[in-house]
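Undergrad: predicted coordinates and the sequence they were generated for:
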Amino acid sequence: MAEAAASEKGISADKEDPAFPDTEGAARPSVSGVYFTCPLTGAVVRRDQKEKHMREAIQLYSSTDPVAASILEIHTFNKDREKVRVGVETMAKYLDNIYLHPEEEKYRKIKLQNKVFQERINPLEGAHNFFQAVGFETRTLPVPGQEAPEEHYVLKEEMLTRLEDLKDYKEQLLSSEPVRPQLDRQLCVFKPSPEAARFELPDDFFNLTAEEIKHEQRLRTEAVEKAAMLRTRAMREKEEQREMRKYNYTLLRVRFPDGYILQGTFYAREPVSVLYSFVREALRDDWLPFELLGPGGLKVTDENLAFNECGLVPSALLTLAWDTAVMSDIQASGQEQPASPLKPELLSRVQTLS
């Protein structure tokens, strides 16, 4: 619904493969950046453009469904979830009072300088758009016991004939969730290459700025010999974990027995299970059992561990190993095996790693 509306208005998915922009004469990086898929339009946008794109998409959506768009604003752009909960429940109470007591004029007016309104609702982005979308208009009205009039939201008379709509709006408001762009895996398949273990990552992959990263690297290089002598194993492991938390994302490659390489981008805190799923979805035969071996040949078997907990950040090359017993049975059966275990549609987009 929202996706179609936004797409019709001109926000569409990027046709260019953002993983490797076509820059003539330039050496290709491991990946050009971190990208996200907008759930409203389907467009793939760079990390630093995702919020701008979401705002544009919701703004365009407001032309076709202003109520739903304002609810998306409230739940998506206000980061403090507790304040959103309190504000939304207060807004819902206003609508509920009108629905239950339509004859009571006092429930159809909201003083904007009211303390509750100012503290709970006014700070929420999208809240004013919501009140206007559901049928309130701004009026300046006298206040009993006060000389100066004040601004109020007043429900339009016509909305009294649409009380069921108000009830629906309230339920939408209470049940809605934030709309979050989804991390785009930027799936790539590469031909066998001696460069498989070489990574060049953009700044998107780090929590630190480029200058901070250089400074950190210099300090670590100067202190490494002394630190190795003084730290206990527990201290080293604790420091390594602290280092791992500096990364938001990780670029992972899986090398198959035939040398072909599958690459994808992941959150550093995602569990290893998502990598197994990522690989399985790329296989012609997704039932084939396999294991992944990390750097140094260590088996990555605990799928509940996060990538940053097992040292697979900010990049890593893993090796896929088939279950030997199953592969022996397949070979013994005499069944003809495809040249590659990867899906044909992925092989049709194979690239050269450079």
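TA: Arrived safely. Keep in mind the model is a prediction, meaning the values are calculated, not measured.

Undergrad: wait, isn't V350 in contact with L187?
TA: No: counting by CB atoms under 8 Å, V350 stays clear of L187, with 11.7 Å between them. Bear in mind the C-beta positions are built from the backbone N, C-alpha and C, glycine included.

Undergrad: so G259 touches E195, yeah?
TA: No: G259 is not in contact with E195 according to CB under 8 Å; the separation is 12.0 Å.

Undergrad: list residues touching both of these two?
TA: Contact criterion CB atoms under 8 Å, 6 or more residues apart in numbering; residues shared by G259 and E195: none found.

Undergrad: which parts of the protein are strands?
TA: For the chain, the strands defined by DSSP state E cover 35-37, 44-46, 109-111, 136-141, 150-155, 182-183, 188-190, 249-255, 261-267, 290-293, 315-322.

Undergrad: what's near enough to touch V154?
TA: Applying CB under 8 Å, 6+ apart, the residues near V154 are R108, K109, I110, F136, E137, T138, R139, L141.

Undergrad: distance to Q59 for those - can I get that in JSON lines?
TA: Shown next, in JSON lines, are the contacts of V154 (distance: CB to CB, whole Å):
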{"residue": "R108", "distance to Q59": "29"}
{"residue": "K109", "distance to Q59": "29"}
{"residue": "I110", "distance to Q59": "25"}
{"residue": "F136", "distance to Q59": "20"}
{"residue": "E137", "distance to Q59": "21"}
{"residue": "T138", "distance to Q59": "21"}
{"residue": "R139", "distance to Q59": "26"}
{"residue": "L141", "distance to Q59": "30"}
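
Undergrad: gap between the closest residue to R185 other than its chain neighbours and Y276?
TA: Spatially, and ignoring its direct neighbours in sequence, R185 is nearest to G264 (4.2 Å; CB to CB, 6 or more residues apart in numbering). Per CB to CB, to the nearest Å, G264 is found 12 Å from Y276.

Undergrad: same check on T41?
TA: Distance, T41 to Y276, using CB to CB: 30 Å.

Undergrad: what's the answer for L347, then?
TA: Distance from L347 to Y276, counting by CB to CB: 21 Å.

Undergrad: one step back: out of the contacts of V154, who's the most crowded?
TA: In terms of neighbours by other CB atoms under 10 Å, these top out with R108 at 22 neighbours.

Undergrad: what's the local residue count around the nearest residue to that residue once chain neighbours are set aside?
TA: Nearest non-adjacent residue to R108, counting by CB to CB, 6+ apart: L155, 4.2 Å away. Neighbours of L155 under the rule other CB under 10 Å: 22.

Undergrad: L155: what's it in contact with?
TA: By CB under 8 Å, 6+ apart, L155 lies in contact with I98, R108, K109, G135, F136.

Undergrad: okay, the second one: pLDDT?
TA: When you say that, I think you mean R108. Note on R108: pLDDT of 96.

Undergrad: what sits opposite the residue nearest to R185 in the beta ladder?
TA: Here G264 sits in beta bridges with L252, going by DSSP bridges.

Undergrad: could you dump the strands of the chain into TSV with distance to V88 added?
TA: As requested, the strands of the chain are arranged in TSV below (distance: least, CB to CB, whole Å):
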stretch	distance to V88
strand 35-37	25
strand 44-46	28
strand 109-111	15
strand 136-141	16
strand 150-155	16
strand 182-183	24
strand 188-190	41
strand 249-255	31
strand 261-267	28
strand 290-293	43
strand 315-322	41
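
Undergrad: ok, which of those comes nearest K343?
TA: Proximity to K343, assessed across the strands of the chain by CB to CB, is greatest for strand 188-190 (9.3 Å).

Undergrad: dump the residue contacts of the spatially closest residue to V274 that is not a sequence neighbour.
TA: Sequence neighbours aside, F266 is the residue nearest to V274 in space, at 6.5 Å (criterion: CB to CB, 6+ apart). The contact partners of F266, by CB under 8 Å, 6+ apart, come to L183, R185, Y249, T250, L251, L252, V274, L275, F278, F307.

Undergrad: just those now: which is nearest K299?
TA: Set against K299, the nearest of the contacts of F266 by CB to CB is L275 (13.3 Å).
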